[in-house]
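Enquirer: structure of the sequence below:
(one chain, ligands or ions: 1)
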Amino acid sequence: MAYIQFLGAAGTVTGSKHLINTCSDGNGASGLQVLIDCGLFQGPKEWRERNWQDTPVPARNIDAVILTHAHLDHCGWIPRLVKEGFRGPIYATQATIDLCGVVLPDSGHLQEEDANFYNKRNKSKHHPALPLYTLEEAQDCLHFFQAVEVGKTKQVSPELSFCFTPAGHIVGSVMAEIALNTNSHTRHLLFTGDIGRVRDQTVAPGKVVHSGPTEGETADVLVMESTYGNREHPDVDPRPELAALIRKTVERGGSVIVPAFAVERTQKFLFMLKELMESAQIPRVPVFCDSPMAIKAVEIFLQHSEDYSNEARRLIERYGSPLHWPEFTFVSTPAESKKINDNQSSCIIVSSSGMATGGRILHHLAQRLPDDRNTVIFIGFQAPGTRGFTIKNGAPEVKIFGEIVPLRAQVAAFEQFSDHADPKELLEWLRTFQQKPGETYLVHGDPAAAKQLRDRMQKELGWKVQVAQWMQKVEVK
Ligand SMILES: [Zn+2]
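Expert: Numbers count the residues shown, from 1 in each chain. Here you go, the predicted structure:
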């Protein structure tokens, strides 16, 4: 009997990894095993430690990976899987493959840096501390990727085929519709990956990828994300408030600093700044995008016009490539990054990491937080324990590079820039299903979020819904 086993993103929002196993012996020696996503556990140590555990069936016995998108919590364990012996195809859209070519080697580099850090400080209980995988190992896994077009059926084996359908989350993101033939009947499984926000410029402005998720789905088994299961996004347009904040900061001679995730979020924000500038809602001050990965992500986006939202398409048609917009400077070298500090007049700096846990944003924050003319604007989730969380919550000071930095700058936060649908939007989408799925499993959510969404789905839709548990096996009937 075939089953699905939740190897990650069950009980937490990271480490997405779901195994479809069609064999009864459970060790993967026969039958077919396919992983849907292969993500890295991030965040609390108890989850991160699971990155070191092997898969329950040996990696060499896994036949294929079907990848929904290029966020690390969905793709970041692929180099480790290959290191453990996996040699099958990794199916993804071309845009996802292009992004993985950037984010996976970067992740390998960070893994090596972490191991070096622990070795220098002698902090690891393992001697020497080893990286989960290296930059080179991450690069080596890239040749296992195979592009699959959205809407085209791909036959993996006589038992299993799949088709990608748009998820509207980030560039290249898709859901995987899977047809599984077991015991002479076909079962349809739908793995959503991450689900993007609705197509509504007022409540979710700045969306740079096309509308999703696809409506009118049908599935016997639905495996769905629940990141925002207990949080509704604000339903007011953030742009007037954002524009007023920038105007006031510039009027008092200050600068705006925006910590932002390099993939998608930075781009979304830059597009919005351009729109606000062109409509004269904010002054034409220099904008610095200080993140080499964000630059690469923009370049990849520009190669995938099939993924543009109408607004992004119009903006590019009218003003050309963002890489050449006159007010915008894309900063790639560390020397250029440091030079931004010499800029005494007002400017806007968008840099990563998004939660100010590392990266170039730290230099900018260290320099500009003590000045009360400046404004820090958060446009993404800040996990408890991160520097971003400390700043967002109005601490009087924050430690950066071992120094105490007084926090005098104004701090603001917007929740509307999320790339995940909220419960209202998810329910709206689920109502478009042709019929109720036989079983629904909620993954990719903290327990409280997943439970609240389960309760709403049971009550408002009358669906049979369970919150997936880590390592739980569920039969595909
Ligand atoms: Zn994602």
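Enquirer: for the residue of the stretch 301-450 of the chain found nearest the ion, phi and psi?
Expert: Relative to the ion, the nearest point of the stretch 301-450 of the chain is residue 419 (6.6 Å; Cβ to the ion). (Each C-beta comes from the backbone N, C-alpha and C, glycine too.) Dihedral pair for residue 419: phi -100, psi 10, per degrees, to the nearest 10.
Enquirer: next, residue 384: secondary structure please.
Expert: coil (DSSP: H, G, I helix; E, B strand; the rest coil).
Enquirer: for residue 312, same thing?
Expert: Going by three-state DSSP: residue 312 is helix.
Enquirer: next, find the distance separating the closest residue to the residue of the stretch 301-450 of the chain closest to the ion other than its chain neighbours from residue 468.
Expert: Excluding the flanking residues, the one nearest residue 419 by Cβ to Cβ, 6 or more residues apart in numbering is residue 169, at 5.4 Å. Taking Cβ to Cβ, to the nearest Å as the measure, residue 169 and residue 468 are separated by 19 Å.
Enquirer: ok, residue 210 next?
Expert: 29 Å.
Enquirer: neighbour count for those two, which is higher?
Expert: Between residue 210 and residue 468, counting by other Cβ atoms under 10 Å, residue 468 is the more crowded of the two (24 against 17).
Enquirer: any idea how far the residue nearest to residue 419 is from residue 420?
Expert: 7 Å.
Enquirer: again, but for residue 290
Expert: 26 Å.
Enquirer: check contacts around residue 205.
Expert: Applying Cβ atoms under 8 Å, 6 or more residues apart in numbering to residue 205 gives the contacts 237-239, 272, 416.
Enquirer: ok, so of those, who is nearest residue 158?
Expert: Set against residue 158, the nearest of the contacts of residue 205 by Cβ to Cβ is residue 416 (46.4 Å).
Enquirer: I'd like to know how many residues surround the closest one.
Expert: 20.
Enquirer: spell out the secondary structure type for it.
Expert: Residue 416 is classified as coil under three-state DSSP.
Enquirer: next up, the contacts around it.
Expert: Counted by Cβ under 8 Å, 6+ apart, residue 416 has contacts 203-205, 233-234, 236-238.
Enquirer: can you tell me how far the closest residue to residue 212 other than its chain neighbours is from residue 291?
Expert: Nearest non-adjacent residue to residue 212, counting by Cβ to Cβ, 6+ apart: residue 168, 2.2 Å away. Counting by Cβ to Cβ, the gap between residue 168 and residue 291 amounts to 23 Å.
Enquirer: nearest to residue 477 among the contacts of residue 205?
Expert: Among these, and counting by Cβ to Cβ, the member closest to residue 477 is residue 416, at 40.5 Å.
Enquirer: tell me the spacing between the closest one and residue 171.
Expert: Residue 416 sits 19 Å away from residue 171, going by Cβ to Cβ.
Enquirer: the helices in the protein, which residues?
Expert: Applying DSSP state H to the chain gives helices spanning 45-48, 72-75, 78-83, 94-121, 135-140, 239-251, 265-278, 292-302, 310-319, 334-339, 361-368, 387-392, 423-430, 447-461.
Enquirer: export those helices to JSON lines and tack on mean neighbour count and mean pLDDT?
Expert: JSON lines is the format used below for the helices of the chain (neighbours: other Cβ atoms under 10 Å; pLDDT from 0 to 100):
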{"stretch": "helix 45-48", "mean neighbour count": "12", "mean pLDDT": "87"}
{"stretch": "helix 72-75", "mean neighbour count": "26", "mean pLDDT": "95"}
{"stretch": "helix 78-83", "mean neighbour count": "24", "mean pLDDT": "98"}
{"stretch": "helix 94-121", "mean neighbour count": "19", "mean pLDDT": "91"}
{"stretch": "helix 135-140", "mean neighbour count": "18", "mean pLDDT": "97"}
{"stretch": "helix 239-251", "mean neighbour count": "17", "mean pLDDT": "97"}
{"stretch": "helix 265-278", "mean neighbour count": "23", "mean pLDDT": "94"}
{"stretch": "helix 292-302", "mean neighbour count": "21", "mean pLDDT": "93"}
{"stretch": "helix 310-319", "mean neighbour count": "15", "mean pLDDT": "91"}
{"stretch": "helix 334-339", "mean neighbour count": "13", "mean pLDDT": "91"}
{"stretch": "helix 361-368", "mean neighbour count": "21", "mean pLDDT": "95"}
{"stretch": "helix 387-392", "mean neighbour count": "21", "mean pLDDT": "94"}
{"stretch": "helix 423-430", "mean neighbour count": "19", "mean pLDDT": "94"}
{"stretch": "helix 447-461", "mean neighbour count": "17", "mean pLDDT": "97"}
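Enquirer: now render the ones you listed as CSV, adding distance to residue 225.
Expert: Listed next are those as CSV, based on distance: least, Cβ to Cβ, whole Å:
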stretch, distance to residue 225
helix 45-48, 16
helix 72-75, 10
helix 78-83, 19
helix 94-121, 16
helix 135-140, 25
helix 239-251, 27
helix 265-278, 17
helix 292-302, 21
helix 310-319, 23
helix 334-339, 34
helix 361-368, 27
helix 387-392, 22
helix 423-430, 9
helix 447-461, 9
